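Chemist: Fold the following for me, if possible:
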Amino acid sequence: MYRKFYEVLKKWEEDKVQEPLLVIGARQVGKTWLIKQFCEDTYKDYIYINLEERKDIISIFDGNLTPEDILKKLSILFGRNIDYNTAIVIDEIQQSERAITSLKYFCEAEENYRIICAGSLLGIKVKRFESSFPVGKVYIKNMYPMDFEEFLLASGEDILRDGIKEAYSKMSQFPEAIHNKALALYHDYLITGGMPQVIMSYLENGKSVLTFNRELLDFLRLAYLADMSKYVTNVTETAKITAVYDSIPRQLAKENPKFKYNEIKGTAIKRDYYGPIDWLAASQMIYKINKLDSPESPIKAYENTDSFKIYLSDVGLLSRVCGINSHDLLPDNHNIYKGAVIENYVIEQLIANGKYLYYFKPAVNMEIDIITIIDEKVIPIEIKSGRHKKSTSLNNYVEKYKPEYVIRISESNFGMANNIKSVPLYASFCI
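Modeler: The predicted structure is shown next:
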């Protein structure tokens, strides 16, 4: 299946970037498969090392960390010549801080070594590195679950994808039949989510959300919970991380989905749960969207980290946990989780596009789902998810802040009227 992240790998190689590439992403987003595929396509010779499967290899990094010494030891271990002509993939590199430290020396070497590293909880290790992290010596890139565009390509809907992109650029309406087809596929994606293994099951079962193996999402959730126990040695801290993660669906289902500590449990306070939230965000199991105090540029200066919303990193996981089925997504059905699932989906699409997102709620009569920067302009985005009608909020915002334009994402067709750009939910990946 085509992954857009392949272009990131390709550019790193074509530009001959000296810094080793560090690929950060949640479990099962497809990092290992894609990196191996890239190496097969690109290099005459490469080796793959998984430090979780081969813990004995960690000892290679115990001594001298010069590239020459490391490659010499690897050559002896694998019984073959490994030198600067050999691309090296180190998976689950978070298992060894010494291995991460060695990247500094590969970067500073005269030879341009091709080193690609990945890890499912690498973001946590980078954030909590006990010794000095090799800042500026590694090329860090985030890899996310498959977005809806990649889902369309995997489903053989290249022509539809191209049509959506063209309609977005021109703001021209789709014929109703095509619009409905795109909405139906978008509804399927809300159920499957973007994990490659799950999408593969969907494809192998005739693109049916009724017959694909939805239990794969249960296994993935269990793997996430196992990671919490495995990488957090403190049992109390593990319990807190799990409690935060389990509280997210019900918090999102509320009229005001701002994250509240007392929704975890009645006595919960920020001091006890800020760390667990930070852990989940660093692991990319959740996305934390902070409040904006004022929609002005530079936008980062007005970020309020004390108020935030939390979304899951994969809408398929959220739909599964919430018990959402395809019939729940029909326009006439009003499931308490429906709005949460749709908002989660949009957040994912925009984050995968590299957007920094905020929400804005300065008063009772004004709440904007998303504020972001588009073409260096502060743009408000309203998501018509069925949670509640927000046109009043948007009108109040426009009257007070006079943005260049606003975006409304809904099940409506493409269009532009009264400075409102109407974007169908299936075209969120275009933003």
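Chemist: Can you mark which positions in stretch 265-284 are buried?
Modeler: 268, 273, 276-277, 279-284 (16 or more other Cβ atoms under 10 Å). To be clear about C-beta, it is placed using only N, CA and C from the backbone, and glycine gets the same treatment.
Chemist: Let me fix that, I meant to ask about stretch 235-254.
Modeler: 238, 240-242, 244-245, 247-249, 251-253.
Chemist: possible to save the buried residues of stretch 265-284 as a markdown table with distance to I140 and pLDDT?
Modeler: Formatted as a markdown table, the buried residues of stretch 265-284 follow (distance: Cβ to Cβ, whole Å; pLDDT from 0 to 100):
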| residue | distance to I140 | pLDDT |
| --- | --- | --- |
| A268 | 32 | 87 |
| Y273 | 27 | 93 |
| P276 | 23 | 92 |
| I277 | 21 | 94 |
| W279 | 18 | 91 |
| L280 | 19 | 93 |
| A281 | 15 | 92 |
| A282 | 13 | 90 |
| S283 | 15 | 90 |
| Q284 | 13 | 92 |
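Chemist: Look up the closest residue to K291, ignoring the ones flanking it.
Modeler: Closest residue to K291 apart from its sequence neighbours, by Cβ to Cβ, 6 or more residues apart in numbering: S307 at 3.8 Å.
Chemist: Please apply the same query to E376.
Modeler: Spatial nearest neighbour of E376, chain neighbours left out: S297 (7.9 Å); criterion: Cβ to Cβ, 6+ apart.
Chemist: On the three-state scheme, that neighbour is what?
Modeler: Following DSSP: H, G, I helix; E, B strand; the rest coil, we place S297 in the coil state.
Chemist: and the gap between it and I371?
Modeler: For S297, the distance to I371 (Cβ to Cβ, to the nearest Å) stands at 11 Å.
Chemist: cool, L357 as well?
Modeler: Going from L357 to I371 by Cβ to Cβ gives 8 Å.
Chemist: got it, and I100?
Modeler: The value you get for I100 to I371, if Cβ to Cβ is used, is 35 Å.
Chemist: So A26 belongs to a helix, correct?
Modeler: No. Looking at A26 with three-state DSSP, it is coil, so not inside a helix.
Chemist: if we can go back for a sec, OK, contacts around the residue nearest to E376?
Modeler: With contact taken as Cβ atoms under 8 Å, 6 or more residues apart in numbering, S297 is in contact with 373, 376, 378.
Chemist: mind redoing it with 10 Å?
Modeler: 373, 376-378 (Cβ atoms under 10 Å, 6 or more residues apart in numbering).
Chemist: Low-confidence stretches in the stretch 301-431 of the chain?
Modeler: 386-390 (pLDDT under 70).
Chemist: if we can go back for a sec, in a markdown table: the buried residues of stretch 235-254, plus secondary structure and pLDDT.
Modeler: As requested, the buried residues of stretch 235-254 are exported to a markdown table (DSSP: H, G, I helix; E, B strand; the rest coil; pLDDT from 0 to 100):
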| residue | secondary structure | pLDDT |
| --- | --- | --- |
| T238 | helix | 91 |
| K240 | helix | 94 |
| I241 | helix | 94 |
| T242 | helix | 93 |
| V244 | helix | 95 |
| Y245 | helix | 95 |
| S247 | helix | 95 |
| I248 | helix | 95 |
| P249 | helix | 93 |
| Q251 | helix | 94 |
| L252 | helix | 93 |
| A253 | coil | 91 |
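Chemist: Going by distance to E382, which of the residues you listed wins?
Modeler: Comparing those against E382 with Cβ to Cβ places L252 closest, at 17.2 Å.
Chemist: Next one: A99 relative to E111, how far apart?
Modeler: 19 Å.
Chemist: Look at these two and report which has more neighbours.
Modeler: Comparing A99 with E111 by other Cβ atoms under 10 Å, the one with more neighbours is A99, at 21 against 13.
Chemist: hang on, the more buried one in a helix?
Modeler: Yes. Counting by three-state DSSP, A99 is located in a helix.
Chemist: can you pull the contacts of N419?
Modeler: N419 is in contact with 398, 402-406, counting by Cβ under 10 Å, 6+ apart.
Chemist: Can you give me the distance of Y345 to L425?
Modeler: Y345 is 7 Å from L425, by Cβ to Cβ.
Chemist: what touches both of these two?
Modeler: 148, 186, 189-190, 383, 385, 409.
Chemist: Mind checking what secondary structure F308 has?
Modeler: What three-state DSSP gives for F308 is strand.
Chemist: Pairing partners for it in the sheet, please.
Modeler: N290 (DSSP bridges).
Chemist: any idea how far the residue most central in space within the chain is from D314?
Modeler: For the chain, the residue nearest the mean C-alpha position is Y144 (3.8 Å; Cα atoms, centre = their mean). In this structure, Y144 and D314 are 9 Å apart, going by Cβ to Cβ.
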